[in-house]
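> One predicted model, sequence on top.
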There are 2 protein chains.
Amino acid sequence: MATRDRIIEAAEVLFAVNGYDGTSLRDITEQAGVNVAAVNYHFGSKENLLADLLDRIITPINEERLELLAARADDDIDSVLRAFLLPDLHALEKLAGRNPDLPRFVSRMYSENSPLMHRVIGAQFAEVGQRFGTAFAASLPGHDETEISFRLSCVVAIVVYLFAGVQAPGMAQLTTGSTEQDLARLLSVTRSIMTAAIEEVATV
Amino acid sequence: MATRDRIIEAAEVLFAVNGYDGTSLRDITEQAGVNVAAVNYHFGSKENLLADLLDRIITPINEERLELLAARADDDIDSVLRAFLLPDLHALEKLAGRNPDLPRFVSRMYSENSPLMHRVIGAQFAEVGQRFGTAFAASLPGHDETEISFRLSCVVAIVVYLFAGVQAPGMAQLTTGSTEQDLARLLSVTRSIMTAAIEEVATV
DNA sequence: ATATGCTTGAAACGATCGTTTGACTGGGAG
DNA sequence: CTCCCAGTCAAACGATCGTTTCAAGCATAT
């Protein structure tokens, strides 16, 4: 069974650096020190290898999300946001430690439109989406559902961008290296997103 | 010279739907009704075709950005944000009309790490980054530079996510179909991001 | 010891890739 | 009319791709 793990770990490194399409099964099996046929034997296909690889990364993030949401003491917005954001910061640190390009790879997979990613995301975020949806709604009385959904999407956008690690010219890094400081900065911004005054739509 | 345009337009459609790696030059030239060799004749390589294609998309967006920034009447945060966001909404509408998958393609290119994209982005956003950096700093006295940069990155994140058009399960769409309404919602959120109270970093 | 079933190995499968070659075309310049 | 050159074309280049085949290896159960 060591072969299976060797393949997944080699694939993680190479997918992160060269992308899914840019990595051949021969690259992976060469780095893993196994035979090419082992991929299709253990995973069935290159696509299934990717799905298993992503599940292995995303599952613990959302497990921690649900734990923090269930274990929080208060019911205010900050505690819900904290339960949502902190697992991402933990994962960002852990994944980047494993491979500096890995968070970006996960981020880019998230915005892919393939049936494979629809399946992976649908399975991984079904429960999280539902539980946090009701938690946010409970913490924000007076905001209608689509408004909360819109603002939550903005929060997700920031997290996805955080993982993407885009280094725009002339811009400071999004992360500071300190998880507490990053959480504080993210909380400051995302709290103001969720609680912003409802805009009067200008009727031109 | 019609051949060159036919190639770029066919490539735009196919890159958007199947991605850069997922599109072969033969797919492109078949759809364009030209010979395979025409790509390397007119563009030099598949990579240069991509660079030209992206330049053709991004250049008018940033030109409109600089025009709006120079033409604004007020100096407050809303007018700067408007100059930053409105060209994106215009482009989003125009590109999606040309091809529903095109905005996502542009978005995903933005978070790529290849030398090609570093070159394209560096050239396209150099002036915009500088001009808007000073404009934001002037509109937000009292905020230090790295804090403004962090928050501006959050705004960029939302725009990138907007272009990505991610349809997360159970979430409403980010866009409403009305540019004015989208701008109002984006302004509401991004204004609150830029003007959020500065967080006291908890010293645990 | 013999048989069984999971795992690995080398090799080949058919297909597709980006790029290049060299001949052929047309129309404008001398 | 002749020359010339940008443009187009069919065809082939060498390389690489995901996947499959089938024999060989191995440990375990009988």
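Looks like it arrived, so ask away. Numbering: from 1, shown residues only, chains lettered A, B, ... in the order given.
> what's the span of stretch A:107-116 from first residue to last?
The separation between the terminal residues of stretch A:107-116, taken as CA to CA, to the nearest Å, is 15 Å.
> A:R26 reaches A:V36, doesn't it?
Yes. Applying CB atoms under 8 Å, one finds A:R26 in contact with A:V36, separated by 5.8 Å. From N, CA and C alone the C-beta is placed, and that goes for glycine too.
> If you count surrounding residues, which of the two has more?
Under the neighbour definition other CB atoms under 10 Å in any protein chain shown, A:R26 and A:V36 were set side by side, and A:V36 has more, 13 against 10.
> State the distance from the spatially closest residue to that one that is not a sequence neighbour to DNA strand D.
With CB to CB, 6 or more residues apart in numbering or on different chains as the criterion, A:V36 has its nearest non-adjacent residue at 4.9 Å, and that residue is A:T29. Going from A:T29 to DNA strand D by CB to the nearest atom of the strand, to the nearest Å gives 8 Å.
> quick one: the strand or helix carrying A:T29 near DNA strand C?
Using DSSP states H and E, A:T29 maps to helix A:25-32. No. Applying CB under 7 Å from any atom of the strand, one finds helix A:25-32 separated from DNA strand C by no less than 8.0 Å.
> That helix packs against which elements?
helix A:2-18, helix A:37-42 (3 or more CB pairs under 8 Å, 6 or more residues apart in numbering or on different chains; DSSP states H and E).
> burial count for the residue in chain A that DNA strand D sits nearest to?
Chain A approaches DNA strand D most closely through A:S24 (2.9 Å), counting by CB to the nearest atom of the strand. Neighbours of A:S24 under the rule other CB under 10 Å: 13.
> so what's it up against?
Taking CB atoms under 8 Å, 6 or more residues apart in numbering or on different chains, we find A:S24 in contact with no residue.
> Got phi/psi on it?
Main-chain dihedrals, A:S24, degrees, to the nearest 10: phi -90, psi 160.
> relative orientation of the helix holding A:T29 and helix A:2-18 in degrees?
120 degrees (axes from the mean of the first three to the mean of the last three CA atoms, to 10 degrees).
> what is the rounded mean pLDDT of helix A:25-32?
In this model, helix A:25-32 carries a mean pLDDT of 96.
> Can you give me the buried ones in it?
Within helix A:25-32, the residues that count as buried by 16 or more other CB atoms under 10 Å in any protein chain shown are A:25, A:27-29, A:31-32.
> One more: stretch A:127-138?
A:128-129, A:131-133, A:135-136.
> Now it: average pLDDT?
95.
> How about stretch A:87-94?
98.
> Give me the contact list for that stretch.
Contacts of stretch A:87-94 (CB under 8 Å, 6+ apart): A:57, A:60-62, A:64-65, A:68, A:103, A:159, A:162-163, A:175, A:179, A:182-183, A:186.
> How about the residues of chain A by DNA strand D?
Near DNA strand D, when you scan chain A using CB under 7 Å from any atom of the strand, you find A:23-27, A:36-37, A:39-40, A:45-47.
> 6 Å instead?
Residues of chain A lying close to DNA strand D by CB under 6 Å from any atom of the strand are A:24-27, A:36-37, A:40, A:45-46.
> For chain A, which segments count as helices?
Using DSSP state H, the helices of chain A run over residues A:2-18, A:25-32, A:37-42, A:46-71, A:77-98, A:102-110, A:115-139, A:145-164, A:179-194.
> Please work out how many residues are found near A:Q124.
Neighbour count for A:Q124, taken as other CB under 10 Å: 18.
> confidence score at it?
What the model reports as pLDDT for A:Q124 is 94.
> Which residues are in contact with the closest residue to it other than its chain neighbours?
Excluding the flanking residues, the one nearest A:Q124 by CB to CB, 6+ apart is A:I58, at 4.7 Å. The contact partners of A:I58, taken as CB under 8 Å, 6+ apart, are A:106, A:120, A:124.
> ok, now A:S153?
Taking CB under 8 Å, 6+ apart, one finds B:161, B:166, B:168, B:171-172, B:174 in contact with A:S153.
> coming back round to it: please list all residues in contact with the residue nearest to A:V36.
Taking CB under 8 Å, 6+ apart as the test, what A:T29 contacts is A:7, A:10, A:35-36, A:38-39.
> Drop anything exposed from those residues.
Here, 16+ other CB under 10 Å leaves A:7, A:10, A:38-39 buried among the contacts of A:T29.
> would TSV of the residues you listed with distance to A:L85 and pLDDT be doable?
Converted to TSV, the buried ones among the contacts of A:T29 look like this (distance: CB to CB, whole Å; pLDDT from 0 to 100):
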residue	distance to A:L85	pLDDT
A:I7	32	97
A:A10	31	96
A:A38	38	95
A:V39	35	96
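> Of all pairs in these, which one is the farthest apart?
A:A10 and A:A38 (10.9 Å; CB to CB).
> So which residues make contact with stretch A:115-128?
So stretch A:115-128 is contacted by A:47, A:50-51, A:54-55, A:58-59, A:62, A:65-66, A:109-110, B:168-170 (CB under 8 Å, 6+ apart).
> let's see 7 Å
By CB atoms under 7 Å, 6 or more residues apart in numbering or on different chains, the list of residues contacting stretch A:115-128 from outside reads A:47, A:50-51, A:54-55, A:58-59, A:62, A:65-66, A:109-110, B:168-169.
> Need the buried ones from those residues selected in PyMOL.
Buried residues among the contacts of stretch A:115-128 (16+ other CB under 10 Å), as a PyMOL selection:
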select buried, (chain A and resi 50+51+54+58+62+65+109+110) or (chain B and resi 168)
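> Give me the neighbour count for the closest residue to A:P87 other than its chain neighbours.
Distance criterion CB to CB, 6+ apart; nearest residue to A:P87, sequence neighbours excluded, is A:E64 at 3.9 Å. A:E64 has 16 neighbours, counted by other CB under 10 Å.
> Same check on the one 3 residues further on?
Counted with other CB under 10 Å, the neighbours of A:E67 add up to 12.
> any idea how far it is from A:P87?
With the distance defined as CB to CB, to the nearest Å, A:E67 ends up 9 Å from A:P87.
> contacting residues around the residue lying closest to A:L68 once chain neighbours are set aside?
In this structure, A:L68 finds its nearest non-sequential neighbour in A:A83, 3.7 Å apart by CB to CB, 6+ apart. The contact partners of A:A83, by CB under 7 Å, 6+ apart, come to A:65, A:68-69, A:72.
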